[in-house]
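Q: Based on what follows, work out the 3D shape:
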Amino acid sequence: MPVKIARSTPRPSFGLPELLVAIPHLASGFQGRCQIATIHAGFGVIRGMSVEGSAPSARVCLKSNDLFVSGEFSMIANLSLETLLAEPPKLYEHEGQLIPWPWGIDARTCLELNGRLKPGMNTLETGGGLSTIIFAASGCQHTCIMPDNALANNIQNYCRSASIDTSKVRFIISKSCDVIHQLSHSAYDLILIDGCHGFPSVFVDFCYSAKALKLGGALIVDDLHIYTCDLIASFMRSDPGWNVELITTRVAVAIKVSDTIDNEWTNQPFVVFRSKPSSVIKNPLYFARLAARTLRAEGARVTAKKILRKMA
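A: Take a look at the predicted model:
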(Lines give C-alpha, C1' and ligand atoms only; values in the text may rest on other atoms or scores of the structure.)
Protein backbone atom coordinates (compact mmCIF):
# COMPACT_ATOMS: atom_id res chain seq x y z
CA MET A 1 0.00 0.00 0.00
CA PRO A 2 1.39 3.42 -0.85
CA VAL A 3 2.62 5.57 2.00
CA LYS A 4 1.10 8.97 2.64
CA ILE A 5 3.26 10.97 4.98
CA ALA A 6 3.72 14.68 5.47
CA ARG A 7 7.30 15.72 4.71
CA SER A 8 8.11 19.14 6.04
CA THR A 9 10.20 21.19 8.35
CA PRO A 10 9.69 20.57 12.07
CA ARG A 11 6.39 21.55 13.69
CA PRO A 12 4.18 22.10 10.64
CA SER A 13 0.47 22.76 11.09
CA PHE A 14 -2.17 20.47 9.61
CA GLY A 15 -5.92 20.33 9.96
CA LEU A 16 -8.25 17.35 10.03
CA PRO A 17 -8.18 14.93 8.38
CA GLU A 18 -4.42 14.97 7.63
CA LEU A 19 -3.92 11.32 8.45
CA LEU A 20 -1.50 8.52 7.78
CA VAL A 21 -2.94 5.80 5.62
CA ALA A 22 -0.43 2.99 6.01
CA ILE A 23 3.13 2.45 7.10
CA PRO A 24 4.26 -0.99 5.98
CA HIS A 25 7.56 0.70 5.17
CA LEU A 26 8.79 4.24 4.70
CA ALA A 27 9.45 5.97 1.44
CA SER A 28 13.06 5.44 0.45
CA GLY A 29 15.44 8.17 1.43
CA PHE A 30 13.18 9.98 3.89
CA GLN A 31 14.85 10.90 7.14
CA GLY A 32 14.05 13.41 9.84
CA ARG A 33 11.30 14.38 12.24
CA CYS A 34 7.97 16.10 11.93
CA GLN A 35 4.83 16.74 13.92
CA ILE A 36 1.24 16.91 12.85
CA ALA A 37 -1.79 18.08 14.75
CA THR A 38 -3.72 14.83 14.51
CA ILE A 39 -3.05 11.42 13.10
CA HIS A 40 -5.38 8.51 13.05
CA ALA A 41 -4.79 5.15 14.71
CA GLY A 42 -8.23 3.64 14.51
CA PHE A 43 -10.08 6.78 15.45
CA GLY A 44 -7.66 7.72 18.21
CA VAL A 45 -6.00 11.09 18.39
CA ILE A 46 -2.24 10.94 18.84
CA ARG A 47 -0.33 14.15 19.11
CA GLY A 48 3.24 14.19 17.90
CA MET A 49 4.90 11.90 15.42
CA SER A 50 8.51 11.18 14.69
CA VAL A 51 9.97 9.40 11.71
CA GLU A 52 13.57 8.31 11.82
CA GLY A 53 15.77 6.53 9.29
CA SER A 54 15.04 5.36 5.78
CA ALA A 55 13.63 2.23 4.17
CA PRO A 56 13.91 -0.63 4.76
CA SER A 57 15.18 -0.15 8.34
CA ALA A 58 13.19 2.95 9.19
CA ARG A 59 11.20 3.23 12.37
CA VAL A 60 7.98 5.06 13.10
CA CYS A 61 7.24 6.28 16.62
CA LEU A 62 3.89 7.58 17.79
CA LYS A 63 3.70 9.34 21.12
CA SER A 64 0.76 10.59 23.14
CA ASN A 65 1.42 11.41 26.78
CA ASP A 66 2.37 8.02 28.26
CA LEU A 67 1.60 6.13 25.04
CA PHE A 68 4.62 4.96 23.06
CA VAL A 69 4.32 2.67 20.08
CA SER A 70 7.27 1.73 17.93
CA GLY A 71 7.43 -0.39 14.81
CA GLU A 72 5.64 -0.96 11.54
CA PHE A 73 1.94 -0.34 11.17
CA SER A 74 -0.11 -2.37 8.74
CA MET A 75 -3.08 -0.06 8.33
CA ILE A 76 -4.31 3.26 9.65
CA ALA A 77 -7.62 4.48 8.23
CA ASN A 78 -7.67 7.55 6.04
CA LEU A 79 -10.80 8.78 7.78
CA SER A 80 -11.35 10.81 10.94
CA LEU A 81 -14.16 10.33 13.42
CA GLU A 82 -15.14 13.93 12.81
CA THR A 83 -15.55 13.18 9.10
CA LEU A 84 -17.54 10.06 9.88
CA LEU A 85 -19.96 12.02 12.06
CA ALA A 86 -20.24 14.90 9.60
CA GLU A 87 -20.89 12.54 6.68
CA PRO A 88 -22.62 9.43 8.12
CA PRO A 89 -22.14 6.33 5.99
CA LYS A 90 -25.06 5.18 3.88
CA LEU A 91 -25.56 1.65 5.12
CA TYR A 92 -29.29 1.04 5.13
CA GLU A 93 -31.43 0.12 2.15
CA HIS A 94 -34.60 2.14 1.69
CA GLU A 95 -36.69 2.06 -1.48
CA GLY A 96 -33.78 0.78 -3.52
CA GLN A 97 -31.26 3.33 -2.21
CA LEU A 98 -28.68 3.37 0.57
CA ILE A 99 -29.31 6.00 3.24
CA PRO A 100 -27.78 6.91 6.63
CA TRP A 101 -29.72 5.36 9.50
CA PRO A 102 -31.53 8.22 11.29
CA TRP A 103 -31.75 6.28 14.58
CA GLY A 104 -28.10 5.25 14.87
CA ILE A 105 -25.93 6.07 17.86
CA ASP A 106 -25.51 9.79 18.40
CA ALA A 107 -22.30 11.83 18.28
CA ARG A 108 -21.68 11.75 22.03
CA THR A 109 -22.07 7.98 22.14
CA CYS A 110 -19.65 7.67 19.19
CA LEU A 111 -17.07 9.77 21.02
CA GLU A 112 -17.58 7.87 24.27
CA LEU A 113 -17.28 4.53 22.52
CA ASN A 114 -14.23 5.57 20.53
CA GLY A 115 -12.49 6.91 23.63
CA ARG A 116 -12.79 3.56 25.39
CA LEU A 117 -11.57 1.33 22.56
CA LYS A 118 -8.01 0.12 22.13
CA PRO A 119 -6.47 -2.15 19.51
CA GLY A 120 -6.78 -5.81 20.41
CA MET A 121 -9.73 -5.42 22.78
CA ASN A 122 -12.30 -8.22 22.59
CA THR A 123 -15.61 -6.49 21.93
CA LEU A 124 -19.21 -7.37 21.17
CA GLU A 125 -22.31 -5.55 19.98
CA THR A 126 -25.92 -6.45 19.33
CA GLY A 127 -27.07 -4.51 16.32
CA GLY A 128 -24.73 -2.89 13.84
CA GLY A 129 -23.98 0.20 11.81
CA LEU A 130 -21.86 3.25 12.55
CA SER A 131 -20.66 1.66 15.79
CA THR A 132 -19.37 -1.39 13.89
CA ILE A 133 -17.18 0.87 11.78
CA ILE A 134 -15.73 2.47 14.91
CA PHE A 135 -14.99 -0.95 16.42
CA ALA A 136 -13.27 -2.05 13.19
CA ALA A 137 -11.25 1.15 12.82
CA SER A 138 -10.05 0.84 16.41
CA GLY A 139 -8.49 -2.55 15.71
CA CYS A 140 -10.75 -4.51 18.06
CA GLN A 141 -11.35 -8.23 17.88
CA HIS A 142 -15.02 -7.60 17.33
CA THR A 143 -18.19 -9.70 17.19
CA CYS A 144 -21.32 -8.13 15.70
CA ILE A 145 -24.67 -9.93 16.09
CA MET A 146 -27.52 -8.79 13.87
CA PRO A 147 -30.11 -10.43 11.62
CA ASP A 148 -29.52 -8.23 8.54
CA ASN A 149 -27.01 -9.79 6.15
CA ALA A 150 -27.36 -6.93 3.67
CA LEU A 151 -26.39 -4.43 6.36
CA ALA A 152 -23.31 -6.50 7.23
CA ASN A 153 -22.27 -6.44 3.57
CA ASN A 154 -22.83 -2.69 3.34
CA ILE A 155 -20.70 -2.11 6.44
CA GLN A 156 -17.86 -4.15 4.95
CA ASN A 157 -18.16 -2.36 1.61
CA TYR A 158 -17.99 1.02 3.31
CA CYS A 159 -14.96 -0.03 5.35
CA ARG A 160 -13.17 -1.18 2.21
CA SER A 161 -13.84 2.16 0.56
CA ALA A 162 -12.39 3.95 3.61
CA SER A 163 -9.40 1.57 3.95
CA ILE A 164 -10.65 0.25 7.29
CA ASP A 165 -9.57 -3.30 7.99
CA THR A 166 -12.47 -5.65 8.83
CA SER A 167 -10.44 -8.84 9.12
CA LYS A 168 -10.94 -8.81 12.90
CA VAL A 169 -14.70 -8.31 12.69
CA ARG A 170 -16.93 -11.38 12.91
CA PHE A 171 -20.55 -11.03 11.86
CA ILE A 172 -23.12 -13.41 13.31
CA ILE A 173 -26.25 -13.08 11.18
CA SER A 174 -28.99 -13.90 13.64
CA LYS A 175 -31.32 -12.39 16.17
CA SER A 176 -29.17 -11.82 19.23
CA CYS A 177 -31.67 -13.42 21.59
CA ASP A 178 -31.24 -16.70 19.68
CA VAL A 179 -27.44 -16.90 19.93
CA ILE A 180 -26.03 -14.59 22.60
CA HIS A 181 -26.29 -17.31 25.25
CA GLN A 182 -23.70 -19.32 23.31
CA LEU A 183 -20.92 -16.76 23.85
CA SER A 184 -18.12 -17.41 26.31
CA HIS A 185 -18.47 -16.03 29.80
CA SER A 186 -16.10 -13.33 31.05
CA ALA A 187 -14.54 -12.99 27.59
CA TYR A 188 -15.26 -9.42 26.46
CA ASP A 189 -13.72 -6.08 27.38
CA LEU A 190 -16.59 -3.94 26.12
CA ILE A 191 -20.14 -4.72 24.98
CA LEU A 192 -22.64 -2.45 23.26
CA ILE A 193 -26.35 -3.32 23.49
CA ASP A 194 -28.09 -1.67 20.53
CA GLY A 195 -30.08 -4.40 18.81
CA CYS A 196 -33.72 -5.28 19.32
CA HIS A 197 -35.14 -3.14 22.15
CA GLY A 198 -38.43 -4.99 22.45
CA PHE A 199 -39.56 -7.04 25.42
CA PRO A 200 -38.05 -9.48 26.32
CA SER A 201 -35.24 -9.47 23.72
CA VAL A 202 -33.23 -6.59 25.19
CA PHE A 203 -33.36 -8.20 28.64
CA VAL A 204 -32.02 -11.44 27.14
CA ASP A 205 -29.19 -9.38 25.60
CA PHE A 206 -28.50 -7.75 28.97
CA CYS A 207 -28.50 -11.02 30.90
CA TYR A 208 -26.01 -12.78 28.66
CA SER A 209 -23.94 -9.66 28.01
CA ALA A 210 -23.46 -9.37 31.76
CA LYS A 211 -22.23 -12.95 31.82
CA ALA A 212 -19.99 -12.47 28.77
CA LEU A 213 -18.36 -9.28 30.10
CA LYS A 214 -15.10 -9.43 32.02
CA LEU A 215 -14.82 -7.92 35.48
CA GLY A 216 -13.76 -4.34 34.84
CA GLY A 217 -15.31 -4.40 31.38
CA ALA A 218 -17.69 -1.74 30.11
CA LEU A 219 -21.32 -2.26 29.13
CA ILE A 220 -22.94 0.41 26.97
CA VAL A 221 -26.73 0.51 26.64
CA ASP A 222 -28.04 2.81 23.92
CA ASP A 223 -31.50 4.34 23.39
CA LEU A 224 -32.54 5.14 26.97
CA HIS A 225 -35.55 7.00 25.61
CA ILE A 226 -37.02 3.53 25.09
CA TYR A 227 -38.59 2.16 28.28
CA THR A 228 -36.92 -1.26 28.18
CA CYS A 229 -33.43 0.24 27.79
CA ASP A 230 -34.07 2.81 30.50
CA LEU A 231 -35.17 0.00 32.81
CA ILE A 232 -31.81 -1.73 32.34
CA ALA A 233 -29.96 1.51 33.10
CA SER A 234 -32.05 2.04 36.23
CA PHE A 235 -31.29 -1.50 37.37
CA MET A 236 -27.54 -1.02 36.91
CA ARG A 237 -27.62 2.23 38.89
CA SER A 238 -29.01 0.42 41.93
CA ASP A 239 -27.21 -2.90 41.62
CA PRO A 240 -23.90 -3.45 43.48
CA GLY A 241 -22.49 -5.33 40.50
CA TRP A 242 -22.27 -2.20 38.36
CA ASN A 243 -20.58 1.18 38.56
CA VAL A 244 -22.44 3.52 36.22
CA GLU A 245 -19.85 6.00 34.91
CA LEU A 246 -22.07 7.88 32.48
CA ILE A 247 -25.78 8.25 31.98
CA THR A 248 -27.46 10.69 29.60
CA THR A 249 -30.91 10.90 28.10
CA ARG A 250 -29.61 8.61 25.37
CA VAL A 251 -26.93 6.23 26.69
CA ALA A 252 -25.64 4.53 29.83
CA VAL A 253 -22.09 3.28 30.37
CA ALA A 254 -21.43 0.97 33.30
CA ILE A 255 -18.40 -0.97 34.55
CA LYS A 256 -18.93 -4.51 35.78
CA VAL A 257 -17.44 -4.73 39.28
CA SER A 258 -18.85 -8.10 40.36
CA ASP A 259 -20.99 -10.98 39.08
CA THR A 260 -24.49 -10.30 40.37
CA ILE A 261 -26.61 -11.18 37.35
CA ASP A 262 -27.65 -14.55 38.85
CA ASN A 263 -28.55 -13.12 42.26
CA GLU A 264 -31.97 -13.83 43.68
CA TRP A 265 -34.41 -10.95 43.70
CA THR A 266 -34.01 -10.52 47.45
CA ASN A 267 -30.39 -9.44 46.82
CA GLN A 268 -31.33 -6.97 44.12
CA PRO A 269 -32.35 -3.58 45.59
CA PHE A 270 -34.00 -2.57 42.30
CA VAL A 271 -36.39 -5.53 42.51
CA VAL A 272 -36.95 -5.43 46.26
CA PHE A 273 -37.93 -1.77 46.21
CA ARG A 274 -40.48 -2.34 43.44
CA SER A 275 -41.96 -5.60 44.72
CA LYS A 276 -45.27 -5.94 46.52
CA PRO A 277 -44.74 -6.38 50.26
CA SER A 278 -46.06 -9.55 51.89
CA SER A 279 -46.39 -8.53 55.54
CA VAL A 280 -49.55 -6.69 56.61
CA ILE A 281 -48.00 -5.74 59.96
CA LYS A 282 -44.84 -4.25 58.40
CA ASN A 283 -46.67 -2.51 55.55
CA PRO A 284 -50.09 -1.40 56.83
CA LEU A 285 -50.45 1.58 54.45
CA TYR A 286 -49.87 -0.55 51.37
CA PHE A 287 -52.48 -3.08 52.42
CA ALA A 288 -54.92 -0.35 53.47
CA ARG A 289 -54.78 1.12 49.96
CA LEU A 290 -55.10 -2.37 48.47
CA ALA A 291 -58.15 -3.10 50.64
CA ALA A 292 -59.77 0.19 49.61
CA ARG A 293 -59.33 -0.61 45.92
CA THR A 294 -60.72 -4.12 46.44
CA LEU A 295 -63.67 -2.76 48.41
CA ARG A 296 -64.60 -0.37 45.60
CA ALA A 297 -64.17 -2.98 42.90
CA GLU A 298 -65.46 -6.18 44.50
CA GLY A 299 -67.50 -5.22 47.56
CA ALA A 300 -67.20 -5.77 51.32
CA ARG A 301 -67.68 -9.56 51.39
CA VAL A 302 -64.86 -10.33 48.90
CA THR A 303 -62.59 -7.76 50.58
CA ALA A 304 -63.17 -9.32 54.02
CA LYS A 305 -62.35 -12.79 52.69
CA LYS A 306 -59.11 -11.59 51.14
CA ILE A 307 -58.08 -9.81 54.33
CA LEU A 308 -58.76 -12.91 56.46
CA ARG A 309 -56.86 -15.09 54.00
CA LYS A 310 -53.87 -12.71 54.13
CA MET A 311 -53.89 -12.58 57.93
CA ALA A 312 -54.02 -16.36 58.22
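
Q: Could you check how many residues crowd around Ala152?
A: 20 (other CB atoms under 10 Å). The C-beta positions use only the backbone N, C-alpha and C, and glycine is treated the same way.

Q: got a pLDDT number for it?
A: At Ala152, the pLDDT value in this model is 96.

Q: For the helix or strand where Cys110 lies, which helices and strands make contact with it?
A: Taking DSSP states H and E as the definition, one finds Cys110 inside helix 107-116. Applying 3 or more CB pairs under 8 Å, 6 or more residues apart in numbering; DSSP states H and E, one finds that helix 107-116 contacts helix 81-86, helix 130-137, strand 213-222, strand 251-256.

Q: Which positions in the third one come out as buried?
A: Of the residues in strand 213-222, 213, 217-222 count as buried by neighbour count, 16 or more other CB atoms under 10 Å.

Q: one step back: let me know the average pLDDT across the helix holding Cys110.
A: For helix 107-116, mean pLDDT is 92.

Q: Buried residues of it, list them for me.
A: By 16+ other CB under 10 Å, the buried positions in helix 107-116 come out as 109-110, 112-114, 116.

Q: If we only consider the residues you listed, which is nearest to Ala292?
A: Minimum separation from Ala292 among the buried residues of helix 107-116 (CB to CB) is found for Thr109, which lies at 45.9 Å.

Q: Nearest residue to that closest one in space, ignoring adjacent ones along the chain?
A: What sits nearest to Thr109 in space, not counting adjacent residues and going by CB to CB, 6 or more residues apart in numbering, is Val251, at 4.7 Å.

Q: In contact with the one you found, which residues?
A: If you count contacts by CB atoms under 8 Å, 6 or more residues apart in numbering, Val251 has them with 105-106, 108-109, 112, 220-224.

Q: now swap in Ala187 and tell me
A: Neighbour list for Ala187: 122, 212, 214 [criterion: CB under 8 Å, 6+ apart].

Q: mind checking pLDDT for the second one?
A: According to the predicted model, the pLDDT of Ala212 comes to 98.

Q: so it makes contact with Gln182?
A: No - counting by CB atoms under 8 Å, Ala212 does not reach Gln182; the two are 9.9 Å apart.

Q: correct me, but Phe235 touches Phe270?
A: Yes - counting by CB under 8 Å, Phe235 touches Phe270, with 4.7 Å between them.
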